[in-house]
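Undergrad: Kindly generate the corresponding structure for this input.
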Amino acid sequence: MEELGKSELLSAVRQLIDESRRSVALAVNAEITVLHYRVGQQINQEILKDSRADYGKRVLRELSVRLVADYGPGWSEKHLRHCIKFESVFPDYSIVSALRRQFSWTHLKTLMYIENPVKREFYIEMCKIERWSSRQLQERIQSMLYERTAISKKPEDVIINDLEKLKTEQKLNPDLVFKDPYFLDFLGLKDAYSEKDLEASIIVELQRFIIEMGSDFAFMARQKRITIDHRDYFIDLLFYHRRLKCLVVVDLKMGEFEAGFKGQMELYLRFLEKYEKVEGENDPIGLILCSGKSSEHIELMQLDRSNIRVADYLTALPSQQVLQDKLHKAVEIARHKMEQPDFPKTKTGLPFE
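TA: Residues are numbered from 1 along each chain as shown. From the prediction side, this is the model:
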């Protein structure tokens, strides 16, 4: 008992020390963030006093030389430019006051160089709820996460509204969760592989697959058997999404999307809705992953009304420029279609082509 007591005491003291260290680190980070904001604000106010083009450069250069001499190399001219940018992007101090409690300076440096304010707000809110490290944030931006989510294909005012609901009401729209395409290059699949190979590779690399899907996905079953009228059917992969509070069926397909896939997925979803859904959960969502699809097929079948989404998966990534061009084109086409007066308001827009 004596040894047990000592063990419990040691554990309790360690917890106190760790909690105190975390609190100190958060307080220091918050103070550093405010310091950088105020430095940027002070420099911006000084530069505005003189309209000469070379005045700002001279001020920065001379100030940096003095600060480096007094406080070390951390106050280089480059760092001062970060401070200026920070204050320019977030001129409202109340926003900075909120951000300093949630993000490190490294996070904020990454966020403030996203020029599109709506895109920046997307990464701020998603980073909050998924608690990305600064490295994870950079990886998400490099993988063009925003452009791959369904929300990016919506009109800008709709995106802003959905992000505001997430921020103030913690209400997460599925369009902020599901992507197109999904990057599965980490599976290491070659040119010739089967659906079973794809599924087996995902199970082996389940942790990385969930990272690509989103951190709120929880794996539940592989090849889940359901029986309808004495016939057995098998769901490829079954997940649960914590914030959406619903089951998510993932159906893996080798070729391009076919009309018959819809009926199969609807059967799975209606079965789960009737027999597996518990009180407080939302209706299940279906995700059909294909190696290709026709945008007109997707549009005409109105899959969103059945809670079904279709997305491409890429086992080998194109170059960054090619990917960027394709995604931007997909967003433009989807938004253009939504602006047409005869476009149904319930649709989510064209997926990645």
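
Undergrad: ok now stretch 107-121, how far from the chain's centre?
TA: 13 Å (Cα atoms, centre = their mean, to the nearest Å).

Undergrad: got the phi/psi numbers for residue 245?
TA: Note on residue 245: backbone dihedrals following degrees, to the nearest 10 are phi 50, psi 60.

Undergrad: Kindly report the same for the one 4 residues further on.
TA: In this entry, residue 249 is assigned phi and psi values of phi -90, psi 130 (degrees, to the nearest 10).

Undergrad: From residue 329, how far off is it?
TA: Separation of residue 249 from residue 329 (Cβ to Cβ, to the nearest Å) stands at 29 Å. Quick note: C-beta positions are derived from backbone N, CA and C, even for glycine.

Undergrad: Looking at the two, which one has more neighbours?
TA: Applying other Cβ atoms under 10 Å to residue 249 and residue 329 shows that residue 249 carries more neighbours, namely 22 against 13.

Undergrad: Regarding the chain, what is its longest helix?
TA: Secondary structure of the chain read by DSSP state H shows that its longest helix is helix 2-47.

Undergrad: what helices or strands is that one leaning on?
TA: Where contact means 3 or more Cβ pairs under 8 Å, 6 or more residues apart in numbering; DSSP states H and E, helix 2-47 is packed against helix 53-71, helix 77-89, helix 93-99, helix 105-112.

Undergrad: redo that, cut-off 7 Å
TA: With contacts defined as 3 or more Cβ pairs under 7 Å, 6 or more residues apart in numbering; DSSP states H and E, helix 2-47 has these neighbours: helix 53-71, helix 77-89, helix 105-112.

Undergrad: so for the first one, what's the average pLDDT?
TA: Mean per-residue pLDDT for helix 53-71: 88.

Undergrad: other SSEs contacting it?
TA: helix 2-47, helix 77-89.

Undergrad: Can you say which of these is packed in most?
TA: helix 77-89 (a mean of 17; mean count of other Cβ atoms under 10 Å).

Undergrad: May I have the residues that are in contact with residue 32?
TA: Taking Cβ atoms under 7 Å, 6 or more residues apart in numbering, we find residue 32 in contact with residue 105.

Undergrad: Please repeat the previous calculation with a cut-off of 10 Å.
TA: Residue 32 makes contact with 100, 104-105 under the criterion Cβ atoms under 10 Å, 6 or more residues apart in numbering.

Undergrad: Present these as CSV; the columns should include neighbour count, distance to residue 132 and pLDDT.
TA: Shown next, in CSV, are the contacts of residue 32 (neighbours: other Cβ atoms under 10 Å; distance: Cβ to Cβ, whole Å; pLDDT from 0 to 100):
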residue, neighbour count, distance to residue 132, pLDDT
100, 20, 17, 91
104, 18, 11, 92
105, 17, 15, 93
